[in-house]
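Asks: What would the 3D arrangement of this be:
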Amino acid sequence: MATPKKNQPEAAGTAGQQQADEPWSLAQQCGALLGSAAGQISDALQALQSGVDRLQAQGRLDKQEQWALSVPLERIKRLTVVMQQLQRFHAGHIRQSHERLDLAELAEACLQERRKEFALIGVDMRRKLRPVEVLIDPTVTHAFFNALVDWALPLGRRIDVRVDVNDWPPHARLQVRVHGEESPSSRTPELDNIDWALVRQIAASVGGIELQRRVTPEGITAVAMFQRTVQAIDGMSAIDISEDPSSAFKTLQNIYALVVSPSLQIRADVREALREIGVNADSVVDLDQAREVAAHRMPGIVVIDSTLKGPAFEQFRRGLLREAMDMPFVEISSDDTSFDMSGFGEFSMAKVGRGNIRESLGTAVMFELAKTI
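Replies: Residues are numbered from 1 along each chain as shown. This next block holds a predicted model:
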């Protein structure tokens, strides 16, 4: 077969030359440009690292200077890796083998791998992981989880990672919430960085992952829903009420509740109802006392009198949610006969009427706790 000559249409681009009539757009070339830029940065980084190593071997760098140089070098190195990953996933240069994978086990393994890094940069990484299986490629999921953590790290010094099952549809849910000293809304411009681009690209390449992101007074939260959930765990199975009541009682004995009401009668009724299901409780008359108690011992659930609801209560509630992102609340309503379970929203509350405390509070509390244990 004859080799096309450079001036023939078939040879377009073979000698690095673009034909005059060939269309070009930055969007179409994005993937190739990412790969090229990553390669050039990597070459320059290797040359820089070699120079630093020579200076260090010659004793011309003290420890402080070595540290000052190593930090930006590591940042550039990580940026190069992210760009290379972006290019690979964008170009579809990945092989996937879908397997049954416990998302909680993978998250824990990834966090354990990086625990020294978290300690070094002063990040408090907390987790609450419930077993749930998904059908997905393990290697790609590992990259996805680490990209999500990398996105979160610059945004705050405390990060909550949670794996559970969404109420509806019952998909495996991975949540990463960031708490920082600054107002979450002030960090909004920083959210769409290259790490978030990698998170979105991996999700798009894998398919079956729905991404959400929200900014609230409690923090910045990214949520990934895995549509290929193999085994959704029923929340009520965490406290098996129907099969073995004694087992439920033993589980609830480890729960501590905080009751807040100015009414002596309500406090007494709530404590008695909680005692019957094995839940220990302290009671206080107002939100100021509640803050003091919670500062010394974080409750597992809060039972609040509806008369105390308002701006002060919302502030109290946000403070607790910053410490425990799934803290359940049960409202004691002025309507004697009311009884409502909490809905799907993060800030919805179960509601029990004052006249229904003895009959219904235990059920409401067990239902709320079953979603968090």
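Asks: Tell me where the stretch 151-300 of the chain has helices.
Replies: Ranges of helices in the stretch 151-300 of the chain, per DSSP state H, counting those that start in this stretch, are 194-206, 245-252, 264-276, 287-296.
Asks: right, and the ones you listed - which one's nearest Val81?
Replies: helix 194-206 (9.7 Å; Cβ to Cβ). Yep, even glycine has a C-beta here, placed from its N, CA and C like the rest.
Asks: which parts of that closest one are buried?
Replies: 195-203, 205-206 (16 or more other Cβ atoms under 10 Å).
Asks: which stretches of the stretch 251-373 of the chain aren't confidently modelled?
Replies: 251-253, 342-348, 372-373 (pLDDT under 70).
Asks: one more time with 90, if that's ok
Replies: Within the stretch 251-373 of the chain, the stretches with pLDDT under 90 are 251-256, 275-280, 294-298, 300, 315, 318-328, 334-351, 355-356, 358-360, 362-373.
Asks: How is this structure partitioned into domains?
Replies: The chain breaks down into these domains under automatic domain parsing: 31-91, 99-233, 238-370.
Asks: which residue packs closest to Ala224, ignoring adjacent ones?
Replies: Spatial nearest neighbour of Ala224, excluding adjacent residues (Cβ to Cβ, 6 or more residues apart in numbering): Leu174 at 4.4 Å.
Asks: nope, Ile332 is what I was after
Replies: Asp305 (5.2 Å).
Asks: try Leu258
Replies: Closest to Leu258 by Cβ to Cβ, 6+ apart is Pro299, at 3.9 Å.
Asks: Thought Tyr256 was touching the one you found, still the case?
Replies: Yes - Pro299 is in contact with Tyr256 according to Cβ atoms under 8 Å; the separation is 5.4 Å.
Asks: Mutual contacts of those two, please.
Replies: Residues touching both Pro299 and Tyr256 by Cβ atoms under 8 Å, 6 or more residues apart in numbering: Asp282.
Asks: who's more crowded, these two?
Replies: A count of neighbours by other Cβ atoms under 10 Å puts Pro299 above the other of Pro299 and Tyr256, at 22 against 15.
Asks: and the more buried one, what does it touch?
Replies: Per Cβ under 8 Å, 6+ apart, neighbours of Pro299: 256-258, 282, 293, 320, 327.
Asks: out of the residues you listed, who's nearest Gly362?
Replies: Ala257 (11.3 Å).
Asks: isn't the closest one right next to Ala281, touching?
Replies: Yes - between Ala257 and Ala281 there is a contact under Cβ under 8 Å: 4.2 Å.
Asks: between those two, what contacts are shared?
Replies: 274, 303.
Asks: So which of the helices of the stretch 151-300 of the chain is the most surrounded?
Replies: Among the helices of the stretch 151-300 of the chain, judged by mean count of other Cβ atoms under 10 Å, the one packed with the most neighbours on average is helix 194-206 (a mean of 20).
Asks: just how off-centre is it within its chain?
Replies: 15 Å (Cα atoms, centre = their mean, to the nearest Å).
Asks: Sketch out the low-pLDDT regions of the stretch 51-200 of the chain for me.
Replies: 51-100, 114-124, 126-128, 130, 135-139, 153-158, 165-170, 179-195, 197-198.
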